[in-house]
Structures are given as structure tokens and as C-alpha cells.
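**Q** any chance you can model this:
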Amino acid sequence: MEARALKIHPDDDVAVLLSPAIASGTHVRIGTTDYYTDQAIPSGHKIALRALAAGEVVRKFGQPFARTTQAIAPGHWLHTHNAKTMLGANEAYEYVPYNPPPSPRPAGEFRGYLRADGKVGIRNELWVLCTVGCINKMAETVAREAHAKLAGKNGIDGVYAFTHPYGCAQLGGDLQQTRRLIAALAAHPNCAGVLLMGLGCENNALMDQVAAFRVADQNRVRYFSAQEVSDEIGEGVRLLSELAEIAAKDVRTPQPLSKLVLGMKCGGSDGFSGLTANPLVGVLSDRLAAAGGVSVLTEVPEMFGAEKLLMQRAADEPTFHAIERMINDFKDYFRKYKEPISENPAPGNKAGGITTLEEKSLGCIQKGGALAPIAHVLGYGEPLAPHPKPGIALAYGPGSDVVSCSTLAGAGAQLVLFTTGRGTPFGTCAPTFKISTNSGLAQRKPGWIDFDAGRLVEEGIPLETLADELLDLVIQAASGEYFTKAEQNGCREIALFKDGVIN
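**A** Got it, this is the predicted structure:
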């Protein structure tokens, strides 16, 4: 039996197995060299291309990603049993000006809802947000009853409650962090009107949360404390009906691609993530920046070990230093809780072929393309300005799927492109578009996956051709002509980033 494997970069010391799992003794031809494996190797895992001594640095994507813990012969499996991370102390970085090459401006437009602040929504929804977790179930009941009454009528796409467990006894910066994210969601362009529900005795007091809102059209905001009304369900539905009358006047109009903000996320990554889906959405990031739009990346721990590749594309020196602070501050966050900064990747990532956090990061950051400048660095819960500079925005947040997608929505992403090799049904408050890294997943889970990027290696379809196809579908989703599988399945939720004391 002969298997297929791919050497990604000329400087690489490993190749990635493209074929299904192979048995010991399998013949693998990589370039013009023949290898014979000494043990079974799973699909998506790495094969050593040369003799590696113990303690030697190993390269993939042309970059160092691991150090061997024992000698490895050519053709042998390289993974967690014989290689480890090299991550350690915070680093100092040197700024070098970036001059991005000129890129052709892609044609195209979508049909969206122009909001009072100049942002554009791709859905016309009413959202119920909560000051505190104590009111969650009541909020869900309000949204459910209002959805049954209002959804699909007069241009209202739906009514949804986005709940969380915090706000009761939070203190200090942790409370402010919760408040910022809720305020950012209230101003999200897909939200045509927001109802804020409070209980009445929480630390995240109702009027403090309202004061944090930056919704351009205050006529689209309603709020109340449940302790102060006799029928919180009836009151909530009544207020949402008022908002629906206002939102019913909203209409889709042609909008340029420069008005799109795409969130870029990978979850359940595997050995194909950095070969197929992540480079594919990276092409969209470069195209969107050329059109004047913005792609947002978060998952700061999944930049560790690859951050220099982002820093070298900083639009200016202040942005460079902001990236530096973001990376080192997040490393300090791990150390504050006495956790190793290299704890990622997760068990599923390792099963899929990812050995170290550096390897995962090198694949992860490809979602940000290769050309677009890093134009923004956002704090947690900080939204983009209504008319941001084109390029890539980095948003402070962890790698956790639900938390990081909520972070992307808080930054203003109208649509999240979520690449996955293992699969997940999850969706956040913004439409969450799933892209499989391998065709097997797309075939097993057609109810989860919106687009199969595995065809890049399975069928040999050129990257630019797949990018054209994906962009067309993204424009359809942004125009309300396609609803993501997560939306169709009712998978919509948020999670907040918790970092502090609860009293």
C-alpha cells in the first residue's frame, strides 16, 4: 500500500499524512523520496522527513513548532510521545515597518440593514439580554413567547435571549468585563432592538448596565427589573412588541463589502486545519481587507508561538506594541492562576494530529490571511468603531469556542466563519458558518457543516476557486438568502469571559 503525505514548506522537517490511517510498514512517497513507516500513523498526523536528534527543533509551515524528546528516524511518526512545546517566558519583540503589497479590490456587494451608527446588520433580530443569571429562564420564556408572536412578520427574523450566569456578586474588573460585553452585544448591528432584563438586587445594577450601552438609536432600547413588575413575562413581550414596530421599518439595501466584519474562529481543530479550512478563510480575510472590510481574530493563547508572524504585519508601531502587550498580558493571565501557557492543545486536537500549541497557533493564525495589515487591537468587550480601517482586528479573549465566538460578536462581527476538523453544532448570537477541514466530517455531519474545505486536498480544487465559492455563499448568508446550519438547528448562545472574584 502507498499513502499520500504533504510537505507544506520547503524548510519543513515533517509531512502531514493525507491518506487514511496507515499500518506499520506502509510505503509513503513524499516528493521523490520513499519512506517506510515503522508503526501505524493516524490520518492528519506527521511523518519525520529526516533523522532528528533528541533535543532538535522541528519545523512545520516553515516555522519551529516543537523540540524532539528522543531521536526520530526518517519515516517515523512524530507526535506527543517524542516531541514537546518550546514555549516559556514572555518575549521582547522588535518592530519592523510593514508595507503590504497591493491587492486587487474584489467586486461584490450584499444586502443588509444600515443602522443609525453606520454599521450594517445582516439579520433583523430582537435580542433579550440579562444583567444577571438569576433572570435567565424568565428571559428565555419572554423571548420564546415573543418569537412565536413576532418572528417572520414585518421583516423580523427572530427574537432570541442570550443569557449568562454572572452579574450577581461579581466585583471590580470582572464585573466591568461582563458589563462591557453585554453593552457591546446591545449595539451589535444584527440586533434591531434590545430588551435588557434585570432582577433588581444584583451587583450589575440595571441602570449601570444601561449607562454602559452605546446604542446609537436609543428608541431601540427597552429595560426593566423583574422585581418591580407584577408580570415580567407579559411586560417583556409587550416591550418587544414595541421594538418590533420600529424594526419593521428596516429594509435590506445594497451595501459594499467594506461594511462586512467577519469573525474568524477555529474549534475542534485537526491536522488538516492549517492545510485547508484556515488558509481558505485566510484568503477571504485578504480579499475582505482589499475591499475595505475587517476580519476579527481572537483566541489569544492560540497565537502563542506564532505571534511574530502577526506582529510583522502591524499597520504601525503603536499597533505592534498593542499586539505585544496582548500576548504577554495573556501569558501573565495563565501564570496568575499557576497554569502552563502551553496547556492547549485539547485532547481532540492531539487526536487529530496537533502536537504542540505552537503548531496549533501556526495553523490558527492563517485565518488572518497573509497580506492584510493588522489594523486594530481590541480589549475584551471592545467593539470596532463604525468606520474601521480595513485589515485584521485582534480581540482579547481565550480560545474556548463559546467564549471566543461571543468575543467576536462583541467586536462587531456580523458573521462568524468557524473552521473545524472534529465538528461541533455550536452557534453564537451572530450567524455561525461551519467549514470542515476534511471531507469526511462534511459527509458525516451534513446537518452541522455549511462548507467543505476538505475538497482542497481530497479533490485537488484550487484554493482560489474554493475561495470564490465560499465568498459567494458568505454573501448569500449576509444577504439573508442563506441561513447557517447552526441557525437552522437553533444553536445560538453566548458565554462571557470570567476572570475575577465572586463575592
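**Q** helix, strand, or coil at the residue of the chain positioned farthest from its centre?
**A** Relative to the centre of the chain, the most outlying C-alpha is that of S230, 40.8 Å out, by C-alpha atoms, centre = their mean. Here S230 is recorded as coil under DSSP: H, G, I helix; E, B strand; the rest coil.
**Q** any idea how far it lies from Q70?
**A** Separation of S230 from Q70 (C-beta to C-beta, to the nearest Å): 71 Å. (C-beta placed from N, C-alpha, C; glycine too.)
**Q** so where do the helices sit in the stretch 201-350 of the chain?
**A** Under the criterion DSSP state H, counting those that start in this stretch, the stretch 201-350 of the chain carries helices at the ranges 206-212, 232-247, 277-290, 307-311, 317-336, 347-351.
**Q** quick check: next helix or strand after the last one?
**A** Same thing as helix 347-351. Next in sequence after helix 347-351, counting helices and strands by DSSP states H and E, comes helix 357-364.
**Q** show me what that following helix is packed against.
**A** strand 63-68 (3 or more C-beta pairs under 8 Å, 6 or more residues apart in numbering; DSSP states H and E).
**Q** residues contacting the residue lying closest to P20 once chain neighbours are set aside?
**A** In space, and not counting its chain neighbours, P20 is closest to S43: 5.2 Å by C-beta to C-beta, 6 or more residues apart in numbering. Applying C-beta atoms under 8 Å, 6 or more residues apart in numbering to S43 gives the contacts 17-21, 271, 353.
**Q** JSON lines for these, including distance to N203?
**A** Shown next, in JSON lines, are these (distance: C-beta to C-beta, whole Å):
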{"residue": "L17", "distance to N203": "52"}
{"residue": "L18", "distance to N203": "53"}
{"residue": "S19", "distance to N203": "56"}
{"residue": "P20", "distance to N203": "54"}
{"residue": "A21", "distance to N203": "52"}
{"residue": "G271", "distance to N203": "45"}
{"residue": "G353", "distance to N203": "45"}
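**Q** returning to that earlier point: of the helices of the stretch 201-350 of the chain, which stretch is the most buried?
**A** Across the helices of the stretch 201-350 of the chain, the average number of neighbours (mean count of other C-beta atoms under 10 Å) peaks for helix 277-290, which reaches a mean of 24.
**Q** how far does that one sit from its chain's centre?
**A** 13 Å (C-alpha atoms, centre = their mean, to the nearest Å).
**Q** do stretch 101-111 as well
**A** 22 Å.
**Q** one more: stretch 153-173?
**A** 20 Å.
**Q** okay, domains of the chain per the record?
**A** 2-84, 125-249, 255-488 (automatic domain parsing).
**Q** and those: which comes nearest Y113?
**A** Comparing the domains of the chain against Y113 with C-beta to C-beta, the closest turns out to be domain 125-249 (7.0 Å).
**Q** tell me the mean pLDDT for the closest one?
**A** Mean pLDDT, computed over domain 125-249, is 97.
**Q** list the contacts of the nearest residue to G353 once chain neighbours are set aside.
**A** Nearest non-adjacent residue to G353, counting by C-beta to C-beta, 6+ apart: G271, 2.6 Å away. Contacts for G271 (C-beta under 8 Å, 6+ apart) come out as 16-17, 43-46, 352-354, 421.
**Q** now, those that are in strands?
**A** Among the contacts of G271, DSSP state E puts 16-17, 46 in strands.
**Q** now list the buried members of those residues.
**A** 16-17, 46 (16 or more other C-beta atoms under 10 Å).
**Q** for the protein, what are the low-confidence residue spans?
**A** 1 (pLDDT under 70).
**Q** gap between the residue nearest to P20 and E2?
**A** Using C-beta to C-beta, S43 is found at 15 Å from E2.
**Q** then K350?
**A** 27 Å.
**Q** same check, this time on P340
**A** To E2, P340 is 40 Å away according to C-beta to C-beta.
**Q** how about L284?
**A** From L284 to E2 the distance is 35 Å (C-beta to C-beta).
**Q** off-centre distance for stretch 82-93?
**A** The mean C-alpha position of stretch 82-93 is separated from the chain mean by 24 Å, C-alpha atoms, centre = their mean.
**Q** next, the buried residues of it.
**A** Neighbour-count burial for stretch 82-93 [16+ other C-beta under 10 Å]: 82-83, 85-87, 93.
**Q** and for it, what are the contacting residues?
**A** 57-58, 64, 66-70, 72, 304-305, 307-308, 311, 320, 324, 327-328, 331-332, 341-342, 355-358.
**Q** again, only using 6 Å
**A** 66-70, 72, 304-305, 311, 324, 328, 331, 341-342, 355-357 (C-beta atoms under 6 Å, 6 or more residues apart in numbering).
**Q** are any of the residues you listed buried, and which?
**A** 66-68, 72, 304-305, 311, 324, 328, 331, 341-342, 355-357.
**Q** quick check, nearest of those residues to G267?
**A** For the buried ones among the contacts of stretch 82-93, the nearest to G267 is L357 (15.1 Å; C-beta to C-beta).
**Q** and that closest one, how far from Q70?
**A** Distance, L357 to Q70, by C-beta to C-beta: 20 Å.
**Q** check the gap between L466 and A315 for me.
**A** 28 Å.
**Q** just want the most central residue of this structure.
**A** With C-alpha atoms, centre = their mean applied to the chain, the nearest residue to centre is K265, 2.3 Å.
**Q** ok, and the closest non-adjacent residue to that one?
**A** Once flanking residues are discounted, K265 sits nearest to F418: 4.7 Å by C-beta to C-beta, 6+ apart.
**Q** who are the contact partners of the one you found?
**A** Residues near F418 by C-beta under 6 Å, 6+ apart: 265, 432, 434.
**Q** that's a helix at it, yeah?
**A** No: counting by three-state DSSP, F418 is not part of a helix but strand.
**Q** shift numbering so it begins at 24
**A** Got it, first residue is 24 now, which makes that one F441.
**Q** what are the bridge partners for it, then?
**A** Beta-bridge pairing for F441 (DSSP bridges): K288, K457.
**Q** longest strand of the protein?
**A** Longest strand in the chain, counting residues (DSSP E): strand 214-221.
**Q** tell me which residues of that one come out buried.
**A** Buried, per 16+ other C-beta under 10 Å, within strand 214-221: 214-221.
**Q** so of these, which two are at opposite extremes in space?
**A** Maximum distance among the buried residues of strand 214-221 (C-beta to C-beta): 21.3 Å, for A215 and G221.
**Q** how many other residues sit next to the residue lying closest to G523 once chain neighbours are set aside?
**A** Distances taken as C-beta to C-beta, 6+ apart put D197 closest to G523, at 2.5 Å, once the chain neighbours are dropped. By the measure other C-beta atoms under 10 Å, the count of residues near D197 is 18.
**Q** element containing D197?
**A** helix 195-209.
**Q** what sits up against that helix?
**A** 152, 189-190, 217, 226, 232, 235-236, 238, 403-404, 406, 433, 519, 522-523.
**Q** please find the angle between the direction vectors of it and strand 214-221.
**A** 140 degrees (axes from the mean of the first three to the mean of the last three C-alpha atoms, to 10 degrees).
**Q** what residues sit buried inside helix 195-209?
**A** 197-209.
**Q** got JSON lines for the residues you listed, with distance to S423 too?
**A** Listed next are these as JSON lines, based on distance: C-beta to C-beta, whole Å:
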{"residue": "D197", "distance to S423": "16"}
{"residue": "L198", "distance to S423": "20"}
{"residue": "Q199", "distance to S423": "20"}
{"residue": "Q200", "distance to S423": "15"}
{"residue": "T201", "distance to S423": "16"}
{"residue": "R202", "distance to S423": "20"}
{"residue": "R203", "distance to S423": "18"}
{"residue": "L204", "distance to S423": "14"}
{"residue": "I205", "distance to S423": "18"}
{"residue": "A206", "distance to S423": "21"}
{"residue": "A207", "distance to S423": "18"}
{"residue": "L208", "distance to S423": "17"}
{"residue": "A209", "distance to S423": "22"}
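**Q** thanks again, I'm all set now.
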